[in-house]
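Participant: Build me a model:
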Amino acid sequence: MPRKPKKKVFSAGNVVREMARERVGSPKPSQLVRAKKNKPERHKPTLGKLLADESG
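Facilitator: Model prediction:
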């Protein structure tokens, strides 16, 4: 025997969203947040690195 379909539970939030979509329209699709290309260094540069950068 096939199972009976599950009854939908009433949700006031869904009804409010449906009414808002009818009046205002559907919201714009969300945009992906671009990840930063370069992460900042986690530690301060050492004296050796600072001297190497100046001479190079």
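Participant: Secondary structure element holding residue 14?
Facilitator: helix 12-23 (DSSP states H and E).
Participant: What lies in contact with the helix or strand following that helix?
Facilitator: Remark: after helix 12-23, the chain's next helix or strand is helix 47-55, criterion DSSP H and E. Residues outside helix 47-55 that contact it (Cβ atoms under 8 Å, 6 or more residues apart in numbering): residue 45. (C-beta placed from N, C-alpha, C; glycine too.)
Participant: CA atoms only for helix 47-55 - export them in PDB, please.
Facilitator: Output of helix 47-55 as PDB, limited to C-alpha atoms (Å, rounded to 0.1, in the frame of the first residue of the first chain):
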ATOM      1  CA  LEU A  47      63.900  41.800  11.100                       C
ATOM      2  CA  GLY A  48      65.400  39.500   8.600                       C
ATOM      3  CA  LYS A  49      62.500  39.800   6.200                       C
ATOM      4  CA  LEU A  50      62.500  43.600   6.600                       C
ATOM      5  CA  LEU A  51      66.200  43.800   5.700                       C
ATOM      6  CA  ALA A  52      65.800  41.400   2.800                       C
ATOM      7  CA  ASP A  53      63.000  43.500   1.300                       C
ATOM      8  CA  GLU A  54      65.000  46.700   1.500                       C
ATOM      9  CA  SER A  55      68.100  45.300  -0.100                       C
END
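Participant: Show me how far the helix holding residue 14 is from its chain's centre.
Facilitator: Distance of helix 12-23 from the chain centroid (Cα atoms, centre = their mean, to the nearest Å) equals 23 Å.
Participant: mean confidence score for that helix?
Facilitator: The pLDDT scores in helix 12-23 average 93.
Participant: What is the neighbour count of residue 17?
Facilitator: Residues within reach of residue 17, counting by other Cβ atoms under 10 Å, total 13.
Participant: Output the helix holding residue 14 as PDB, nothing but the C-alphas.
Facilitator: Extracted in PDB, the C-alpha atoms of helix 12-23 (Å, rounded to 0.1, in the frame of the first residue of the first chain):
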ATOM      1  CA  ALA A  12       2.100  32.000   9.700                       C
ATOM      2  CA  GLY A  13       5.500  33.100   8.400                       C
ATOM      3  CA  ASN A  14       5.000  31.500   5.100                       C
ATOM      4  CA  VAL A  15       1.600  33.100   4.700                       C
ATOM      5  CA  VAL A  16       3.100  36.500   5.500                       C
ATOM      6  CA  ARG A  17       5.900  36.000   2.900                       C
ATOM      7  CA  GLU A  18       3.400  35.000   0.200                       C
ATOM      8  CA  MET A  19       1.300  38.100   0.900                       C
ATOM      9  CA  ALA A  20       4.400  40.300   0.700                       C
ATOM     10  CA  ARG A  21       5.500  38.700  -2.600                       C
ATOM     11  CA  GLU A  22       2.100  39.500  -4.000                       C
ATOM     12  CA  ARG A  23       2.200  43.200  -2.900                       C
END
